[in-house]
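**Q** Below is the structure, and that's it, no one-letter string:
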């Protein structure tokens, strides 16, 4: 059984290698053909059942002497310029099909000649057969393709895993240096930042890891209580400095805070977000927590007298701030906007009043022609006396015949031609029902419609 299993595995692995080669095979040549330059891929069909030795024999036998001594396959194989010919056969319905691989170290032209010679084989064993060359694979091109793909994978891995960003290197070094700045303060040798001995304000945290985390993010005035019992050094510092208690967002942090508020003179209280510890906070979280600090007096009142938690106090403060800001915004909006100051040399330009012309002097004549059933025109002199009363079709002739016409009032349409005529005659007013196609108007002539 063991021997059978080994044989089956060998056959399967050989078949898998053959499939890779047949597919064009990434690095098939590299695996099996060593220094081979080209691989001839061919397929064959035989009208009968033949086996692999029959195919190999046909290749050597029917090409012998065909291409001369320099390209004789037996001689080329002896010198290693043609590799071991690989043949895969399978039969179906009394016919045999298969593939042929011929490794070649010859140049391109010689390899093509060998490939063409394969197609001259017309018999395998006792059966008629036909061989067709599918392609000639350039193994070096396959190798180059493999090299490029593999190099890309190696480079991507190298960039992702082994080359840290410059900023990361700088940050790592900076964090290491900051951790080295940790000092021991007071008789209890409490872990502290380097600014604790002289800073006016300090931050009291729970443990050494909290001080280290604050140091990594550039906060150097933190000191740890290191335990549940508040050290005398902390109590003394709280009387001399402005102290912010910064505790974890868990039950332990709340207990230490209560003790601090009872035994030390704490000024402000800040806490990590609920469920988090100070030692694991990011820089952004630390800054946000410290900015949200609450006066200790308020915390004492709300915490001990009203039973509220610190986070409830913070939420109420944020809500109050929001309401206050909204009120201020509304107040700002309601404020009257101040007038811009007038510069010393600035001139104030007031808009000119448009003087509306008074045409009441022609009102009587306008009403007269408006109410007249037929087209009519009145020619007036300077004293508003009617010189002539004519039909509008005779208006131009009447104007031409009278030299002292001061105004013309009629119930027709004012045209450009009429304007030109009356302007030439020195008429000062031309009053009509409406205007049409008037493109130019003389300066010394007032053209008025009834609507105006």
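**A** Done, it's in. Just so you know, these numbers come straight off a predicted model, no measurement behind them.
**Q** Next, count neighbours for residue 194.
**A** Residue 194 has 16 neighbours, counted by other C-beta atoms under 10 Å. Every C-beta, even on glycine, is put in place using the N, C-alpha and C of the backbone.
**Q** Counting by contacts, list what the lengthiest helix in the chain packs against.
**A** Under DSSP state H, the helix in the chain containing the largest number of residues is helix 310-334. With contacts taken as 3 or more C-beta pairs under 8 Å, 6 or more residues apart in numbering; DSSP states H and E, helix 310-334 sits against strand 268-271, strand 294-295, helix 296-300.
**Q** So what touches that helix?
**A** Contacts to helix 310-334, defined as C-beta atoms under 8 Å, 6 or more residues apart in numbering, come from residues 254, 257, 269, 271, 274, 292, 294, 298-299, 302-303.
**Q** Could you identify the buried members of the residues you listed?
**A** Using 16 or more other C-beta atoms under 10 Å as the burial test, those include 254, 257, 269, 271, 294, 299, 302-303 as buried.
**Q** nearest to residue 287, of those?
**A** residue 271 (13.9 Å; C-beta to C-beta).
**Q** Quick one: residues contacting the closest one.
**A** Counted by C-beta under 8 Å, 6+ apart, residue 271 has contacts 246-249, 253, 257, 289, 310-311.
**Q** Now secondary structure, pLDDT and distance to residue 411 too, for those residues, in JSON lines please.
**A** Output for these, formatted as JSON lines (DSSP: H, G, I helix; E, B strand; the rest coil; pLDDT from 0 to 100; distance: C-beta to C-beta, whole Å):
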{"residue": "246", "secondary structure": "strand", "pLDDT": "93", "distance to residue 411": "95"}
{"residue": "247", "secondary structure": "strand", "pLDDT": "91", "distance to residue 411": "98"}
{"residue": "248", "secondary structure": "coil", "pLDDT": "91", "distance to residue 411": "98"}
{"residue": "249", "secondary structure": "coil", "pLDDT": "89", "distance to residue 411": "93"}
{"residue": "253", "secondary structure": "helix", "pLDDT": "87", "distance to residue 411": "98"}
{"residue": "257", "secondary structure": "helix", "pLDDT": "87", "distance to residue 411": "98"}
{"residue": "289", "secondary structure": "helix", "pLDDT": "89", "distance to residue 411": "89"}
{"residue": "310", "secondary structure": "helix", "pLDDT": "83", "distance to residue 411": "92"}
{"residue": "311", "secondary structure": "helix", "pLDDT": "83", "distance to residue 411": "88"}
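**Q** Can you say which of those are buried?
**A** Buried among the contacts of residue 271 (16+ other C-beta under 10 Å): 246-249, 253, 257, 289, 310.
**Q** Among those, which pair sits farthest apart?
**A** Farthest pair in the buried ones among the contacts of residue 271 (C-beta to C-beta) is 257 and 289. Separation: 13.1 Å.
**Q** Minimum distance to residue 138: which of the helices and strands packed on helix 310-334 has it?
**A** strand 268-271 (70.7 Å).
**Q** Report all helices and strands that the longest strand that the chain contains contacts.
**A** For the chain, the longest strand by residue count, based on DSSP state E, is strand 127-138. Applying 3+ C-beta pairs under 8 Å, 6+ apart, one finds that strand 127-138 contacts strand 38-46, helix 108-118.
**Q** where do the helices sit along the stretch 251-400 of the chain?
**A** Taking DSSP state H, counting those that start in this stretch as the test, the helices found in the stretch 251-400 of the chain are 251-263, 283-291, 296-300, 310-334, 363-370, 395-401.
**Q** With distance to residue 426 added, can I get those helices in TSV?
**A** Formatted as TSV, those follow (distance: least, C-beta to C-beta, whole Å):
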stretch	distance to residue 426
helix 251-263	103
helix 283-291	87
helix 296-300	94
helix 310-334	63
helix 363-370	19
helix 395-401	10
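**Q** which of the contacts of helix 310-334 has the weakest pLDDT?
**A** Within the contacts of helix 310-334, pLDDT reaches its minimum at residue 303, with 77.
**Q** I figured that residue was touching residue 262, is that so?
**A** No: with contact defined as C-beta atoms under 8 Å, residue 303 does not count as touching residue 262 (10.8 Å).
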